[in-house]
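Novice: Turn this into a structure:
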Amino acid sequence: MAGLVFTGCSPAGAAPARTPGQARTKPAGRRREVVVSGRRVKTIDVHAHCVIPEAMKLLGLKLEHQRGPGIEEVGARRIREMDAQGIDMEALSINPHWYRAERDLAAEVIRIQNERLAGMCAAHPDRFVAFASVALQYPDLAVQQLVDGVKKLGLRGAAVGASVAGLEFSDPKFHPFWAKAEELGVLIFIHPQSTPDLARRLKGNGWLANTIGNPLDTTIALSHLIFEGTLDCFPGLKICAAHGGGYLPSYAPRSDHSLRVAPEMDTGVKLKKKPTEYLKSLYYDTLVFTSEALRHLAAEVGSSQLVIGTDHPIPWQSESVDHILNAPGFSDGERIAMLGGTAARLLGIKT
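Specialist: This next block holds a predicted model:
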């Protein structure tokens, strides 16, 4: 694990360190084996973070600014925590802090990160896969980084933010990247970076930059991809949204009525389906916090679109496996798919 440190999804400097009395990591022990209907299930977490100190240094970032609550001692304990939680494999990703970097710097940062991620996966092929980092502010460069990451380094897709230096993903500037991702058939994992335009209002108690800002950022990104016709342009695109897709699935039907109520807001983009129908072609992690929230998410998008997301090592959800096993109303087949079957198919993992 040299050259790679595990961290969480907080904005720089936004999260406090663990305070005395918070839960510590369980002692090393046997890996928890997850069984459904007598069948051993391979569990796959699509939402797990790390950073590469060497790359951070190039960006002028300090390692301690990327650490969130409960993760001041990571690294060697990573697999032990996975074992305790019943997570067989994680898909590692790095949150993008380079979208405003100049081209040569961004290229070097991505090179380092993708090579280190590939090395980590090669060292532990039964425990980790990874998403490539890409410099989306330079779409032509991002396309090549995606191709190299997938075809040369064995990475399983790409992790991106929810906007790029103030631009929405629906901007035609990014169409070449979406086209290449569709052509390669790889998964794009969208992880937000708060909602920068609301930074002033998100200050204060409650860690609102993350608590509210992150799911809101994803909601905006997905809504633009739908309403601007990007998903019609690239119908084969495979996208997985962090944090259960933000707020969009919770209030999705409002989108179906928006242009009926305010037809003057129609910009002339004619969608091929109702907005809510697009939600059923996207994927979402299960990082919602109650059985009812998981049931509602599945009702809106389909249980076939759900995959485990722990946000490891940020302790938002340390019982993600039980979250799925204990939620009422799902069949054994649905639970098996959510626990790992769907993720295995999307990420090319043998089960």
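Novice: Stretch 208-228: which residues count as buried?
Specialist: 208-210, 212-228 (16 or more other C-beta atoms under 10 Å). To be clear about C-beta, it is placed using only N, CA and C from the backbone, and glycine gets the same treatment.
Novice: swap that for stretch 268-281, please
Specialist: Those would be 275, 276, 278, 279, 281, for stretch 268-281 by 16+ other C-beta under 10 Å.
Novice: Next one, pLDDT for the last one please.
Specialist: So the one you mean is residue 281. pLDDT, residue 281: 97.
Novice: That one contacts residue 236, doesn't it?
Specialist: No. Residue 281 is not in contact with residue 236 according to C-beta atoms under 8 Å; the separation is 9.4 Å.
Novice: All the strands of the stretch 251-351 of the chain, in order from the start?
Specialist: Counting by DSSP state E, counting those that start in this stretch, the stretch 251-351 of the chain has strands at residues 283-285, 306-307.
Novice: Any chance of a markdown table for those strands, columns distance to residue 145?
Specialist: Shown next, in a markdown table, are the strands of the stretch 251-351 of the chain (distance: least, C-beta to C-beta, whole Å):
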| stretch | distance to residue 145 |
| --- | --- |
| strand 283-285 | 22 |
| strand 306-307 | 24 |
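Novice: between those, which one is nearest to residue 320?
Specialist: strand 283-285 (8.8 Å; C-beta to C-beta).
Novice: Show me what that closest one is packed up against.
Specialist: strand 238-241, strand 306-307 (3 or more C-beta pairs under 8 Å, 6 or more residues apart in numbering; DSSP states H and E).
Novice: Quickly run through the sheet partners of it, with directions.
Specialist: Using DSSP bridges, strand 283-285 pairs in its sheet with strand 238-241 (parallel), strand 306-307 (parallel).
Novice: Off-centre distance for the first one?
Specialist: Read that as strand 238-241. 8 Å (C-alpha atoms, centre = their mean, to the nearest Å).
Novice: Distance of the residue lying farthest from the centre of the chain relative to residue 78?
Specialist: The C-alpha centroid of the chain is most remote from residue 264, which lies 34.6 Å away (C-alpha atoms, centre = their mean). Between residue 264 and residue 78 the distance is 53 Å, computed by C-beta to C-beta, to the nearest Å.
Novice: for residue 172, same thing?
Specialist: Counting by C-beta to C-beta - residue 172 and residue 78 are separated by 40 Å.
Novice: Looking at these two, which has the bigger crowd around it?
Specialist: Using other C-beta atoms under 10 Å as the criterion, residue 172 and residue 78 rank with residue 78 on top: 24 against 11.
Novice: Backbone dihedrals for the more buried one, both of them.
Specialist: Dihedral pair for residue 78: phi -60, psi -50, per degrees, to the nearest 10.
Novice: I figured it was touching residue 313, is that so?
Specialist: Yes. Residue 78 lies in contact with residue 313 (C-beta under 8 Å); the separation is 7.3 Å.
Novice: Break down the stretch 51-200 of the chain into its strands, ranges please.
Specialist: 89-93, 128-130, 157-160, 187-190.
Novice: For those strands, state which one has the densest average packing.
Specialist: strand 157-160 (a mean of 28; mean count of other C-beta atoms under 10 Å).
Novice: and it, C-alpha only, in PDB?
Specialist: Provided in PDB are the C-alpha atoms of strand 157-160 (Å, rounded to 0.1, in the frame of the first residue of the first chain):
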ATOM      1  CA  GLY A 157     -14.000   3.000 -15.400                       C
ATOM      2  CA  ALA A 158     -13.600   6.500 -14.100                       C
ATOM      3  CA  ALA A 159     -14.500   8.500 -11.100                       C
ATOM      4  CA  VAL A 160     -15.600  12.100 -11.700                       C
END
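Novice: Output the longest helix belonging to the protein.
Specialist: If you go by DSSP state H, the chain has its longest helix at helix 103-123.
Novice: Pull out the buried positions in that one.
Specialist: Neighbour-count burial for helix 103-123 flags 106-110, 112-121 (criterion: 16+ other C-beta under 10 Å).
Novice: Between these, which sits nearest residue 95?
Specialist: residue 113 (11.0 Å).
Novice: that older thread, on contacts alone, who are the packing partners of the longest helix of the chain?
Specialist: Using 3+ C-beta pairs under 8 Å, 6+ apart: helix 103-123 touches helix 53-58, strand 89-93, strand 128-130, helix 139-151.
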